[in-house]
Structure formats: structure tokens, C-alpha cells
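*Asks:* What follows is a predicted protein model with its sequence.
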Amino acid sequence: MDYRAAFQISAAGMAAEKLRLDVTALNLANMHAAGTSVDQVYRPQRVVTQTVSFGQQFGAMAGAAAGVQTAVVPQNVAPRMVYEPGHPYANAKGMVAYPGVDNVTEMVTMSTALRAYEANVTAMNAARTMAARALDIGGQQ
Amino acid sequence: MSIDPVSLSAILPGTSGVDAFASLPAVETVREPAPGFGAFVTQGLDAVNATLVKADTEVRQVAAGEGPSLHEVMIHLEEARLSFQLLAQVRNRLLDAYQEVMRMQV
């Protein structure tokens, strides 16, 4: 059934957006995790999606392996230095390294992922409605 | 004004009259029996049943906190529903045709 291909494309988009949400949650969870040194501090992760080209996508549809290639890469962000002299991880100057997670960016990423997921669901529902309408052909009124 | 007659060789290049059929293999008198209609229906039923069983298994896995992601399971459920609806429509058509034949005046 060729509608499975449309479902698989939407599923690939949903998987990518779900991963984006997971990574955002990971960044937020580690936002206040102090590192023992500047090198050891958590670096915010970012999902990088790579589109599979159109021809490739539709060639792969036959094998139902259409997809968006995703990779989670750590960002090169300078850690946030906070002056806490009593902290066990404080350096000689009394500064503690916290991950450079930007709260606003993470929230915007989260909202974008949520809306993009919804868009994928809508596209899938449209494909399903189309298939259901096709099954109505020739039926009783 | 004259109209040229249409010849077979003009339409189908490489053929010249009846000789073209001489190259065809002789019709075999004994043929293998074609797979019956029952086998066709059974095959379709098995395919639909396989989708339903797969969706059911995945729902169990998700309920148990493992297995594929939620959207995959929902999509497979939708696929199973669509294949079942297709089966129902095929059955409706078959029944219609059967009743049409039964109503036939002899």
C-alpha cells in the first residue's frame, strides 16, 4: 500500500522532532550541573537534521526506509562562570563553571519541535483521510 | 486525393503478416492450475491478520514500557485499520456481485 510510504515519511519527521524535544529536556536537566573544571562541564547538545534528497527519499520509500538523518552534536558554547567561593568545584579565583545552556533558546526549540510534531501528525492524518476516502469509492451513499 | 492503405508492418515494425506468429511458442495444452480464488482471499486475509497481530504486539510492548516509540505504534494501528477497511470493502463488493448473480433470471 503506497499510503504506508506517506506514513513512514511523517513518522521520520515525528522521530526527529521527538529527538529534538528529548535533547532540549536533556539540556534543561543539566542546566545547573556544575563541572569540576571548565573542560569537564556539560556542553549543550543540539540536534542536527540532514534532509534526505527528494529522489533518494522516494527511492527509499519502496523499502519503507524513508527518513531524516539526525545527529546529536555538542555545541561549542563557553561555560557560564559563577562566583561561588565556597563551592567544592570552585577554581583558584572562586569561580564555578556551569553549562552555557541558554534558557530562551531551549524554550524556543521546544516550542518549535512541538509545533513541527503537530504538523507531521496533521500530514499523516491527511494521508489517512485520503486513504479512507479512496476506500469510499463505489460504495453505497 | 488518394489515401494510402494502412498495413500491419507500418504499425508494428518487424512484423510481416501471419509469419510474425510463427515465432511464438506453441500453446501448451497442459497448464498448471491457476491458484484458486480461495487461495487469493486466504492470502489477503493472512496479510491483514498479520498487520493486526503486529499492531497488537506493539501495543502490548508500549503498555509494558518497552518497544517502539508511541507514534510508530499509532501509525501501525492506523495501517492495520486501513487494511481491515480495505478487506471489508472487498468483502462488500464480493457479496454484491454474488447477490447480483443470485438475482439473475434464468
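*Replies:* Happy to help now that I have it.
*Asks:* SS state for residue A:19?
*Replies:* At residue A:19 the chain is in helix, as set by DSSP: H, G, I helix; E, B strand; the rest coil.
*Asks:* what residue lies at the spatial centre of chain A?
*Replies:* residue A:20 (1.2 Å; CA atoms, centre = their mean).
*Asks:* quick one: that one from residue A:106, how far?
*Replies:* 11 Å (CB to CB, to the nearest Å). C-beta here means a position set from N, CA and C on the backbone, and glycine is covered the same way.
*Asks:* If the closest residue to residue A:37 other than its chain neighbours is in a bridge, with which residues?
*Replies:* Ranked by CB to CB, 6 or more residues apart in numbering or on different chains and with sequence neighbours excluded, the top spatial neighbour of residue A:37 is residue A:97, at 6.7 Å. Using DSSP bridges, the beta-bridge partners of residue A:97 come out as residue A:35, residue A:81.
*Asks:* Would you mind finding the longest helix in the chain?
*Replies:* All of this is about chain A. helix A:103-135 (DSSP state H).
*Asks:* I was after chain B.
*Replies:* Max-length helix for chain B by DSSP H is helix B:70-102.
*Asks:* in chain B, which segments are predicted with low confidence?
*Replies:* Within chain B, the ranges that satisfy pLDDT under 70 run B:1, B:5-29, B:31.
*Asks:* Which residues of it lie near chain A?
*Replies:* Within reach of chain A by CB under 8 Å from any CB of the partner chain, chain B has these residues: B:69, B:71-72, B:75, B:78-79, B:82-83, B:85-86, B:89, B:92-93.
*Asks:* Now render those as CSV, adding neighbour count.
*Replies:* Output for the residues of chain B next to chain A, formatted as CSV (neighbours: other CB atoms under 10 Å in any protein chain shown):
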residue, neighbour count
B:69, 14
B:71, 20
B:72, 17
B:75, 24
B:78, 20
B:79, 21
B:82, 22
B:83, 21
B:85, 15
B:86, 17
B:89, 16
B:92, 13
B:93, 12
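*Asks:* and the closest residue in space to residue A:21 that isn't next to it in sequence, what does it touch?
*Replies:* Distances taken as CB to CB, 6+ apart put residue A:113 closest to residue A:21, at 4.7 Å, once the chain neighbours are dropped. Going by CB atoms under 8 Å, 6 or more residues apart in numbering or on different chains, residue A:113 touches A:17-18, A:20-21, A:24.
*Asks:* And for residue A:34?
*Replies:* Residue A:34 touches A:41, A:87, A:89, A:96-98, counting by CB under 8 Å, 6+ apart.
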